[in-house]
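Chemist: Next input, structure requested:
(3 chains)
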Amino acid sequence: MATSIAERPLVELRGVSKRYGDLLANDRIDLALHRGEIHALLGENGAGKSTLVKILYGVVEPTAGDIVWEGRHVTIASPVEARRLGIGMVFQHFSLFDQMTVAENVAVGLSGADSLKDVRARLVEISRGYGLGLEPDRAVWTLSAGERQRIEIVRCLLQDPKLIILDEPTSVLTPQEAEALFETLERLASEGRAILYISHRLEEVRRLCRSATILRAGRVVATVDPRARSAREIAALMVGSDVGEVKPHGPSGGGGEAALSLRHLTLPPAEPHQWGLKDIELTVCKGEIVGIAGVAGNGQGELFAAISGEQLAPRPENVIIAGRACGRIGIDGRRRLGAAFVPEERLGHAAVPSHRLSDNAVLSHHASGDVVRGGLVRFSAARRLARAIADTFDVRTPERDPLARQLSGGNLQKFAVGREIIRRPALLVVNQPTWGVDAGAARLIRQALVDLAGEGAAVLVISQDLDELFEIADRIAVIHSGRLTEARPRAAWTREAIGLEMLAAGEEPAEAAHAA
Amino acid sequence: MRLELTPRLDPSPLARVLAPIAAFMVAFVLAGGVVWLLGRSPLAALQVYVIGPLSDPWALQELVVKATPLALIALGLSYCFRANLWNIGAEGQYVMGAVLGGWLALATHGTDAGPWVWPAMLLLGVLGGALYGLLPAMLRVRFGVSEILVSLMLVYVAQLTLDYLVRGPWRDPKGFNFPQSVTFDPAATLPLLGAGRIHLGAVFAVLAVLATAFVLGRTLFGYRLRVTGEAPRAARFGGFDSGATTLAVFAISGGLAGLAGIVEVSGQIGQLQPTISPGYGFTAITVAFLGRLHPFGILAASLAVGLTFIGGESAQILLKLPLDLTTAFQGLLLLCVLCADALVSYRLRLVRRGGGS
Amino acid sequence: MTAFEAILLTIVTASTPLLIAAMGELVAERSGVLNLGVEGMMAMGAACGFAAAVTFDSTIIGIAVGVLAGTAMAGLFALAVLGLAANQVGSGLALTIFGLGLSGLIGAPFVGARRDPVSPLAIPGLTDLPGVGRLMFGQDAFVYFSLALTVAVALFLGRSRSGLTLRAIGENHASAHALGLPVLRTRLLALLFGGACAGLAGVYLSLIYTRFWSPGMTAGRGWIALALVVFAAWRPAYALIGAYLFGTATVLQLHAQAGQIGLPAQLLSAAPYVATILALVLLSLGRGRAIGAPGSLGQPFVPER
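Modeler: Alright, predicted model coming up:
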């Protein structure tokens, strides 16, 4: 290896800052990447990782600072320029186009005028060469998350990049798929490419990287060798303080009577390109937390909608809440039976972004609380309710009654969960309770769920985060392509066993045959 | 150089109020430019369009008469637009209200039917408009067909229906073959307020403003519309069925448009004829947005836009400016209002290319 | 020429403006912008084109001015919805109202004027073939242009790199932006193309179809073109079929009116509008909801920088 080249960084960021209004998303960031290095960028949600990556890929313009590429000062004005320099990017939320084929998706992300035919041939060549199996003429919406990620990687490799950026690449992968990805990345690094690996998962960073830059609140707080530090040390650097652990609730689950039962619940897909639900069987008892694991997009949203009543079941007895067969009853009716629900998407589903918190408090309380009387909304009561939620669940607000979109992800999630728990529900169903939430808020939310179960409520948690489920769930089931496994006690599962269930028999979404 | 938009997290309330006023002035200046291009004096146009009507008591009454249907229709549309549903067929619902209500006037013509006739006509007018408004709503809910296209197509159908009726079965046999119905009996005519030209319809418009302010501001139904319009998934989470919302707002807006139609026919025109509207149903879209979908704003906007109808009529006589100028102005005004709305939500900046460092 | 041939010929002339306008709107919608201003752009094309043709006594200048008028209207729309991210549905309506009004102003001095018919193409030998001769080889140049346009749009969307970019932007503008595709520039070009097509369709109405100008002469054809795009599931070939179906319906109702078949004229006049509604309903029955609609259609896009 020619040391002179290896010593000069491939790319260096010097004092890069990005300001959005009052928020300083990146504050004088310094970062150097070398050829052949897999470098981790660690930080909590909201620490500024994504902004920094977007600056490097030319999507976002920095407010201040310099970028030095191979010893030259450069301005990266657009992703096209980034690609010309040799920077490739694999996005967390894939930048793919569902209705188009794999080859078209790859071609559209390439600068240059190659014909679709050439692109297709090179795609086949590269995906074979790296063992990334892809069929070029399949429509993207028929593919699994792992396959979609392969498209992004192949698209990136077609330009022979010197630097590859991956933003939270394992968040949608099973443990086995993640391991395959790590092997690919190691091979790419051995070819002399630099890899910037963004993650908030410590274990995989310790497995893969020899250096890591840690961001907190937009600043670099440390650059470390992750293998030389303990996970706890790094976590403390990321969070800034010791977050502590969730205290378990008392004598745990089972035994109590059933608060929620799903019986032969089958639903066709609500929209094309989605999973339906296939013969789901599940019971959640009072006093226990049941977790549902699974890779995103395997029917979690549909399951949540079917339990909450946003989507009605074919027959009443498919969904039983508090002993009542309520499959044909809407979400309000189920709330009156003592159930409460927290959907995955905070902005636009759990809350109206442009409405104040007090208005948003009405959303799930109008049917069962006292904020509405005789068809009239009592806005003073709604304001008191919103205040009570904020006080009880430590929701930090920039003003007394802000718009929902003014809150950070963590604070809005605390509001969305708190809004339901404050009703003291007998059954709480939460989809992705801590997705994209900072560690402090995540701990508070998990503790609140555990405490609720401790008081005798039944809690169902749908989550992609296996660590979270192993931390709080009494029993765990796995969802895959619209099917649910039996819920077994936490101790009966290993991560590998769950991973195998997540992979299960790979089939296509149900209606693959009818369109295209 | 390029324009750049950045979202404002919490737009200022003052900007919300000022935006439509600014839009009105910009549209006025642009329209002045058009007048100038047509070889007329913009100042003379200002005199005719604004100062003249506002300084003439007769014209002020006329203004109320013109603003009445605009306000009624626009209030109805505000229910739809708040729920992000696009009823652009109010013109057709207006016509069908007039047709169904007018039918009663013709059916009782020449009989000694008492003063119950005009209230019953109003009810039928509301019913006709509401049923006609429900058509696109049902097609949308049941089949997922665009309510925009269907409601618009139904305007043509309604106009042709009226045309057929007044040229055919409903034509006045003693009317020298003119395409018009008989003149309504006094029992089928809306009472006037005092000695002037203003009829009872103006009272209905004010009542509709107050009722709408109450419904949108205080009730769960008003809350439901706001949630549905801003975040449809959140509405489902709140337990608000989108199909029921769609049917309700189309019935309300169709009903108010139908009321406007029968009020205009029985209070103003006094008979059915092929054309009973100078495009109130379309102009009301401009009124609704100019009033920021708020009932009091709509009341003010209906007067402001009503002015352009009166001004347009006198400009046609005094300046030989075609009535189409009024239509063009109303379209331009709507465009300006929507742009002003966007500027309330986004901050606009001029950025030098490659800047940033 | 038999009466049947004559009917077939008028069907072609009635369908051509619908096809041209629909093709323009189809491209705009595939890029993700819904422009409800087609009716207004068409009206402007018809009025400005006719006024220019009469003033300069030149059909060519008339066509050019009509196309420019449609394009300028689309530019105004683009300023609002791309430049300021204004509401697309409302702005499109505003454009239609504005265009109908302004076209009335511009066309007013030209009411009553007439243009001579534009001579159709004549290919010696072929045009005189019995039966299909006039139909296949004796149309005006617009007809062939509209068919070539359909093929060109289909090839552009299906085969070219630029077409791929445009489709990607219409499908998902956030992803497209993240990849560095020029979302706003592409949409601007697509809108201007749509405006040019609507202007051309309008000028065809006033210069060739009727050969005079009257206020409101577009008579909802812009709206029918919009419905055609939905009907065609955003595919050029289906738009061609749809345009000819609607052209046929229009012509048949005109002939039915002339033929005194005992139905009220208004009922027949309403037929194209009712047919449009029925077509949209039948379509959704056959195909489920909104299959084929571009993913970002109608949503405003504000790039993050």
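Chemist: From now on I want contacts and neighbour counts done on CA atoms only, so please keep to that.
Modeler: Noted.
Chemist: surely A:Arg443 meets A:Val246?
Modeler: Yes. If you go by Cα atoms under 8 Å, A:Arg443 and A:Val246 touch, sitting 6.5 Å apart.
Chemist: Low-confidence ranges, chain C, go.
Modeler: Low-confidence segments of chain C (pLDDT under 70): C:1, C:119-138, C:260-261, C:287-291, C:305.
Chemist: Likewise for chain A?
Modeler: Looking at chain A by pLDDT under 70, you get A:1-6, A:113, A:241-244, A:250-255, A:271-274, A:504-516.
Chemist: what residues are up against B:Gly270?
Modeler: B:Gly270 is in contact with B:183-184, B:189, counting by Cα atoms under 8 Å, 6 or more residues apart in numbering or on different chains.
Chemist: Nearest to chain C among these?
Modeler: Proximity of the contacts of B:Gly270 to chain C (Cα to the nearest Cα) peaks at B:Thr183, which lies at 23.4 Å.
Chemist: On the three-state scheme, the closest one is what?
Modeler: Here B:Thr183 takes the coil state, with states given by DSSP: H, G, I helix; E, B strand; the rest coil.
Chemist: what sits against it?
Modeler: By Cα under 8 Å, 6+ apart, the contact list for B:Thr183 reads B:270-272.
Chemist: Near the residue of the stretch 1-150 of chain C found nearest chain A, how many other residues are there?
Modeler: Residue of the stretch 1-150 of chain C nearest chain A, by Cα to the nearest Cα: C:Arg30 (12.4 Å). By other Cα atoms under 10 Å in any protein chain shown, 28 other residues sit near C:Arg30.
Chemist: how close does it sit to C:Leu18?
Modeler: Between C:Arg30 and C:Leu18 the computed distance is 18 Å (Cα to Cα, to the nearest Å).
Chemist: now do B:Thr108
Modeler: The spacing between B:Thr108 and C:Leu18, counted by Cα to Cα, is 46 Å.
Chemist: Neighbour count for the two, which is higher?
Modeler: A direct count of neighbours by other Cα under 10 Å for B:Thr108 and C:Leu18 places C:Leu18 higher, at 29 against 16.
Chemist: Residues of the stretch 1-150 of chain A that sit close to chain C?
Modeler: Residues of the stretch 1-150 of chain A found near chain C (Cα under 8 Å from any Cα of the partner chain) are A:59-61, A:78-80, A:94-99, A:104, A:108-109, A:113, A:115-116.
Chemist: circling back: check the contacts of B:Thr183 against A:Glu7 and report the nearest one.
Modeler: Using Cα to Cα, B:Leu272 comes nearest to A:Glu7 of the contacts of B:Thr183, at 89.8 Å.
Chemist: Do I have it right that the closest one meets B:Ser181?
Modeler: Yes. Between B:Leu272 and B:Ser181 a contact is recorded at 5.2 Å, counting by Cα under 8 Å.
Chemist: Identify the contacts common to these two.
Modeler: Shared contacts of B:Leu272 and B:Ser181 (Cα under 8 Å, 6+ apart): B:Val166.
Chemist: give me the number of residues near A:Asn45?
Modeler: Using other Cα under 10 Å, the number of residues around A:Asn45 comes to 20.
Chemist: Give the helix, strand or coil label for it.
Modeler: Quick answer, by three-state DSSP: A:Asn45 is coil.
Chemist: So which residues on the stretch 251-357 of chain B come close to chain C?
Modeler: B:282, B:286, B:322, B:324-335, B:338-339, B:341-343.
Chemist: Go again with 6 Å.
Modeler: Contact residues (Cα under 6 Å from any Cα of the partner chain) of the stretch 251-357 of chain B with chain C: B:324, B:327-328, B:331-332, B:334-335, B:338-339, B:342.
Chemist: Now list the buried members of the residues you listed.
Modeler: Among these, those classed as buried by 16 or more other Cα atoms under 10 Å in any protein chain shown are B:324, B:327-328, B:331-332, B:334-335, B:338-339, B:342.
Chemist: and which of these is nearest C:Ala279?
Modeler: Using Cα to Cα, B:Gly331 comes nearest to C:Ala279 of those, at 29.6 Å.
Chemist: Identify the residue nearest that closest one in space, chain neighbours excluded?
Modeler: Nearest residue to B:Gly331 in three dimensions, chain neighbours excluded: C:Phe98, at 4.0 Å (Cα to Cα, 6 or more residues apart in numbering or on different chains).
Chemist: how close does the one you found sit to B:Leu333?
Modeler: Counting by Cα to Cα - C:Phe98 and B:Leu333 are separated by 9 Å.
Chemist: I figured B:Val209 hits B:His294, correct?
Modeler: No. Using Cα atoms under 6 Å as the test, B:Val209 is too far from B:His294 to be in contact (9.1 Å).
Chemist: picking up where we left off before, what would the contacts of B:Thr183 look like in a markdown table with secondary structure?
Modeler: Shown next, in a markdown table, are these (three-state DSSP):
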| residue | secondary structure |
| --- | --- |
| B:Gly270 | coil |
| B:Gln271 | coil |
| B:Leu272 | coil |
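Chemist: Now pLDDT too, for those, in a markdown table please.
Modeler: Conversion of those to a markdown table gives the following (pLDDT from 0 to 100):
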| residue | pLDDT |
| --- | --- |
| B:Gly270 | 93 |
| B:Gln271 | 95 |
| B:Leu272 | 96 |
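Chemist: which one of B:Leu272 and B:Ser181 has more residues nearby?
Modeler: Remark: of B:Leu272 and B:Ser181, B:Leu272 carries more neighbours, 29 against 24, as counted by other Cα under 10 Å.
Chemist: who are the neighbours in contact with the more buried one?
Modeler: B:180-181 (Cα atoms under 6 Å, 6 or more residues apart in numbering or on different chains).
Chemist: again with A:Arg193
Modeler: For A:Arg193, the contact set (Cα under 6 Å, 6+ apart) comprises A:35-36, A:162-163.
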